[in-house]
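>>> quick one: sequence and predicted model below, then my questions.
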Amino acid sequence: MQKPVAEFWYGIEACHHNVLRLRETWIDPYLAGNIWLVRGSERDLVIDAGTGIVSPRLVIDSMVNKPVLAVACACYYDHAGGLHYFAERGCHRLDADQIANPTDESSVVSTYVSEAMLTALPYDGFEAANYRMQGAPPTVCFDDGDIIDLGDRRLEVLHVPGVTPGSMVLWEAATGSLFTCDTLYDDPVLERDFAVGDPITFADTLERLRGLPVNTVFAGHYQSFGRERMLELIDRILRAKRAQIQ
C-alpha cells in the first residue's frame, strides 16, 4: 500500500527554559532524533539536526532572527544528517571525520534506515533505499569543558564517549538542563537493548552524568524527563551493561 505524502514534516513543541523541540513526525521516534532549539539573546543553538530527509532550516528560520549555530552530539544519521544545511556547525573533534565523510556504516544508515521507519513520505517518489547521510565538515570542533555562549546563556560541552568516540552532551548549569542525544533517553520499549560502542567507557559516562544537579533531561529521543527518572534509567542501563561485560 502506497504511503501518503506528509503535508507537514516537522512537529514543534514549546518547552520550558525557552527551548523548542522539533520532531520528524512521520518517522519512528526511535529512528529519528529530537532537534532542540535553544534561544539565546545573541544567537540561537540547534542541538542535533535530525536526519536531513527534509531540511529543518525552513522551520527554524521562520522562528529565529539571530545567527544560528548547529551542533551534532553524535555522528549518526538521526542526529547529524541535517547538519549540512547550516553554515555554522560543530561537533566533538573525535566525531568530526565521520560527520564530514560519513559512510552507511559509520552513520548507521545501513543498520536502521528502511521503508518501515516511515508512516508517510516526505515527498512523492521518496525511497528510503536511496537515502544517504550528507557530509558536513564542521566549522568548529569542541573538546570537553568548552563553553557555547549564546549571550545570556552558557552551555558546557561534556565529552561522554561510549556511544561514539565523540559523543557529547550539553549542560546548562543555570537551568539544570542536560541535552543528552543518544547518551540517555527513555525508551518505552524496555527490553530493547541500549546499543553502545564501548560498554565500559559508557558506564563511566553514566556515572559522570549521575553527579550533575539535573532538573530536566532534554533527550535525543522520545520525551524529556526529570532527575528522578534520569537516575532510574542510569541504574537500569548500568545493570544491563555490567551484565554484558561480565
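Looks like it came in fine.
>>> got the confidence number for the residue nearest to the spatial centre of the chain?
Geometric centre of the chain, nearest residue: residue 181, 3.8 Å, by C-alpha atoms, centre = their mean. You'll see residue 181 listed with a pLDDT of 97.
>>> again, but for residue 147
So residue 147 comes in at 98 (pLDDT).
>>> what of the one 10 residues further on?
According to the predicted model, the pLDDT of residue 157 comes to 98.
>>> that one falls within a helix, correct?
No: assigned with DSSP: H, G, I helix; E, B strand; the rest coil, residue 157 falls outside any helix and is strand.
>>> tell me who's in contact with it.
By C-beta atoms under 8 Å, 6 or more residues apart in numbering, the residues touching residue 157 are 92, 142-148, 168, 170. Where you see a C-beta, it was placed from the backbone N, CA and C, and this is true even at glycine.
>>> before we move on, the earlier item: hey, what's the residue nearest to the centre of the chain bridged with?
Residue 181 has these beta-bridge partners by DSSP bridges: residue 219.
>>> contact partners for it?
Residue 181 neighbours (C-beta under 8 Å, 6+ apart): 33, 47-48, 73-74, 79, 163, 167-169, 219-220.
>>> how much space separates residue 202 from residue 3?
36 Å (C-beta to C-beta, to the nearest Å).
>>> including neighbour count and pLDDT, could the contacts of residue 181 go into a markdown table?
Listed next are these as a markdown table, based on neighbours: other C-beta atoms under 10 Å; pLDDT from 0 to 100:
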| residue | neighbour count | pLDDT |
| --- | --- | --- |
| 33 | 32 | 97 |
| 47 | 26 | 98 |
| 48 | 28 | 98 |
| 73 | 32 | 98 |
| 74 | 29 | 97 |
| 79 | 31 | 98 |
| 163 | 25 | 87 |
| 167 | 30 | 94 |
| 168 | 30 | 97 |
| 169 | 27 | 98 |
| 219 | 25 | 97 |
| 220 | 25 | 97 |
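>>> alright, that wraps it up for me.
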